[in-house]
Structures are given as C-alpha cells and as structure tokens.
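Student: Task: produce atomic coordinates for the following.
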Amino acid sequence: MNCLSQKANIRSMGRLLLMASFGVAAVLGSSATGNAQALGWEGETGVFVTPMAYTASAEGQKIHPVVAYHYFNAGPVIGDFHEASIEAGIGKRFEVGYTHEYHNLGGDASLSPLWQNGFEIFNAKVIVVPENYKKNNWIPAISTGFIARTGVRNVGDYLTWHAATNAGSSNGDIYAVATKAVPVKKAGPLAAVVLNAGVRGTNAELWGMGGNAPNWQARGFGAVAFAFKGPSSSTIIFGSEASQQPEHPFGFTSATDIGGVKLNIPTTLTYCARIIPSPKHKLNFDVGVAQVAGNIAPGVNLKARHQVGVQMSYGF
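Tutor: Just a heads-up that it's a prediction; the model follows:
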C-alpha cells in the first residue's frame, strides 16, 4: 500500500473514533455488563466485527447462553457468508463460545475459487477490570480475549490447501479492549454514549475471510456509540466502527510470492445500527454496511465496497 493510502487509512480511523457506532446491547440499564448479550460477527460480545469489553453474562445467572445468526453479502467475487454462534456468559466476568462459518462461492471464474468452504471459530474473554471499578465512574471495563480459527482455506491458504486431506490453515487473534458507557441526561431521546477501543495481535486477514496474514501483527480497532430511546421502550443504536487489517494476505505479499501479485487490504469500515425491541426480551437485530475491499491491485477488484450484513442475537 502506498503512503497516500496509508495516510488515508489513518485519517479514516481517526474520524471514525469521533463518529457514532452501535455498541452494548442495553446501555440504558443500570449495569451495561449485566444486560449485554448481542454477539458480534465471530460470536464474541461486540460491535459488528470487533469485540467489546463486556461479556455475555447476565445478572442472577451463573451461566447465560446466547445464540446468534449472522449473514454477510461480501459481493459477487467473494460470495456470501453465514454464521451460527453460541456463546455462554459464565459468572460476571467470563464468556466462551463457538461459531461455524458457512460460505457460498461467488461467481467470478478467476477470483472466486480463492474462497472455499467455511471454517470453525472458538473464542473466550475475561473482564480484567470491571466498569466503574470501586465506584470510580470514569473507569472503563477492560477485557482481554482470544479468537482461534481452524480449517481456513481462503486466498493464500487455498493455494497451499491439500484437498485430499481437507486440512486447512489456522490463525487467531489475541486482543485487549476497553469499553465505557456514558449515560446522557437531559438530552431528549439520546440516552447514552459508548466508547470502545482496543488492539489485537493477529495473523489473520479479514478475520480469516481473507485467509492468513504472512505474520503476526498488531492492529487497532475502535468505535463510539450513540444510543437513543425508541418507541415502546425500545433502544436504537447507530454508528460505525473501524478495524485495521494486515496490509497483505499470506501468499500475496509481492509479485514473486506464490500468488504472483501484491494485494493491498485497506482498513475495514462499517456503518451500522442495532435495534433492541424491548428490555423485557434479550433480543437484538443488527444491520450494517461494510467497506471491505475494492481495487486491491492493478486489475484486481474484489467488488466488496458497500456490502450489507445482518445479525440477530437472542439470550436465554
């Protein structure tokens, strides 16, 4: 990626940290961690594609299970992704979960075969510092967690995939994230602002949808949420988020690599909304538009610039 593109990504991420993003599942409650149950793309409690410091725990429940369905239309080249997730909040500070990703091939004869079948995703998270620790209202919730993916056969991994054994590659993320819900008083329908920022060490490209990265790298992510009171005790949260990606996928770091071309992956941006119909029901609906990648090399257009995704989470 050239210098101008790098600077543009840095400016975009900075702007997004000042923009709205949807965040916790119920920031209107007295305990954000106790009410959060909306699952992100890979099953962890989070925004659309990035984790938050909250867990799937619920007040009065030692184990709180949450299930979710996710759909993402990644465009005519990459294809469609479906995910089914189950997450369990354990006590007040822990969550563990499993997600299976399904993939339908795109229709581009030259590029679409680089994306194969889905893969398995495992995650876990622990709250290290609770929000408002020792009654200090300025302290955010701080968590650390991991995401592990197995059976990845996309992009550069596809070129080294052994179909006879069906053995794909593995990759993962290790992250730390801080989240703070700030109640807003006397602001009409605006009820709360949620700040979220973190850093992850990853060897995955686009959360495994782009295969592996060539090595482990530190990548930042962040979001800011505006939550509004909706009709009939509902909550509506609007916004966007940003997540830096490794610059080049495995196998496509230069013209002499196994892929024969250098691919440049930009920062992922999403613009999204979350609807919580009622605080009485642990149900959430998400819809978002993601900027993933367009022209990533001369003559290589992934046509994934304005892609729609939807999610639904339900806690028991």
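Student: Around residue 279, count how many other residues there are.
Tutor: When counting by other Cβ atoms under 10 Å, one arrives at 14 neighbours for residue 279. For every residue, glycine as well, the C-beta is placed using N, CA and C.
Student: nope, residue 302 is what I meant
Tutor: Neighbours around residue 302, by other Cβ under 10 Å: 24.
Student: so how far is the helix or strand where it lies from its chain's centroid?
Tutor: Here residue 302 sits within strand 300-304, counting by DSSP states H and E. Chain-centre distance of strand 300-304: 21 Å, with Cα atoms, centre = their mean, to the nearest Å.
Student: who touches that strand?
Tutor: Applying Cβ atoms under 8 Å, 6 or more residues apart in numbering, the contact partners of strand 300-304 are 74-78, 111, 261, 263, 290, 292-296.
Student: For that strand, which residues meet the burial criterion?
Tutor: 300, 301, 302, 303, 304 (16 or more other Cβ atoms under 10 Å).
Student: chain center to stretch 289-301, what's the gap?
Tutor: 19 Å.
Student: can you start the count at 194 instead of 1 from here on
Tutor: All set: I'll call the first residue 194, so the last point we hit is now stretch 482-494.
Student: So residue 251 sits against residue 283, correct?
Tutor: No: shown here, residue 251 and residue 283 do not form a contact pair, counting by Cβ atoms under 8 Å, at 10.7 Å.
Student: Between the two, which is the more surrounded one?
Tutor: The neighbour count for residue 251 versus residue 283, taken as other Cβ under 10 Å, is higher for residue 251 (22 against 17).
Student: how close does the nearest residue to the more buried one once chain neighbours are set aside get to residue 292?
Tutor: Using Cβ to Cβ, 6 or more residues apart in numbering and skipping residues adjacent in sequence, the residue nearest residue 251 is residue 257, 4.0 Å away. Separation of residue 257 from residue 292 (Cβ to Cβ, to the nearest Å) stands at 17 Å.
Student: Could you do residue 448 as well?
Tutor: Applying Cβ to Cβ, the value for residue 448 to residue 292 is 35 Å.
Student: With residue 368 instead?
Tutor: Going from residue 368 to residue 292 by Cβ to Cβ gives 16 Å.
Student: And for residue 319?
Tutor: 19 Å.
Student: So for the strand ranked longest in the chain, what gets flagged as buried?
Tutor: The strand that spans the most residues within the chain, counting by DSSP state E, is strand 405-422. Neighbour counts over strand 405-422 (16+ other Cβ under 10 Å) mark 405-407, 412-421 as buried.
Student: Distance from that strand to the middle of the chain?
Tutor: The chain centroid and the centroid of strand 405-422 are separated by 7 Å under Cα atoms, centre = their mean.
Student: Return the list of helices and strands in contact with it.
Tutor: Packing partners of strand 405-422 (3 or more Cβ pairs under 8 Å, 6 or more residues apart in numbering; DSSP states H and E): helix 196-209, strand 362-376, strand 383-397, strand 428-436.
Student: rewinding a little: who has more neighbours out of residue 448 and residue 292?
Tutor: Taking other Cβ under 10 Å, residue 448 and residue 292 do not tie; residue 292 has more neighbours (25 against 10).
Student: OK, contacts around the more buried one?
Tutor: Residue 292 sits next to 235, 236, 276, 277, 278, 279, 313, 314, 315, 316 when contact means Cβ under 8 Å, 6+ apart.
Student: Columns distance to residue 336, secondary structure and neighbour count on top of those, output as JSON lines?
Tutor: Below are the contacts of residue 292 laid out as JSON lines (distance: Cβ to Cβ, whole Å; DSSP: H, G, I helix; E, B strand; the rest coil; neighbours: other Cβ atoms under 10 Å):
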{"residue": "235", "distance to residue 336": "15", "secondary structure": "coil", "neighbour count": "23"}
{"residue": "236", "distance to residue 336": "15", "secondary structure": "coil", "neighbour count": "30"}
{"residue": "276", "distance to residue 336": "22", "secondary structure": "strand", "neighbour count": "21"}
{"residue": "277", "distance to residue 336": "24", "secondary structure": "strand", "neighbour count": "14"}
{"residue": "278", "distance to residue 336": "18", "secondary structure": "strand", "neighbour count": "24"}
{"residue": "279", "distance to residue 336": "19", "secondary structure": "strand", "neighbour count": "16"}
{"residue": "313", "distance to residue 336": "23", "secondary structure": "strand", "neighbour count": "16"}
{"residue": "314", "distance to residue 336": "18", "secondary structure": "strand", "neighbour count": "25"}
{"residue": "315", "distance to residue 336": "17", "secondary structure": "strand", "neighbour count": "16"}
{"residue": "316", "distance to residue 336": "12", "secondary structure": "strand", "neighbour count": "26"}
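Student: want to throw those residues into JSON lines with distance to residue 474 and pLDDT?
Tutor: Converted to JSON lines, the contacts of residue 292 look like this (distance: Cβ to Cβ, whole Å; pLDDT from 0 to 100):
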{"residue": "235", "distance to residue 474": "24", "pLDDT": "95"}
{"residue": "236", "distance to residue 474": "21", "pLDDT": "94"}
{"residue": "276", "distance to residue 474": "22", "pLDDT": "96"}
{"residue": "277", "distance to residue 474": "20", "pLDDT": "97"}
{"residue": "278", "distance to residue 474": "19", "pLDDT": "97"}
{"residue": "279", "distance to residue 474": "18", "pLDDT": "96"}
{"residue": "313", "distance to residue 474": "30", "pLDDT": "96"}
{"residue": "314", "distance to residue 474": "26", "pLDDT": "98"}
{"residue": "315", "distance to residue 474": "28", "pLDDT": "98"}
{"residue": "316", "distance to residue 474": "25", "pLDDT": "98"}
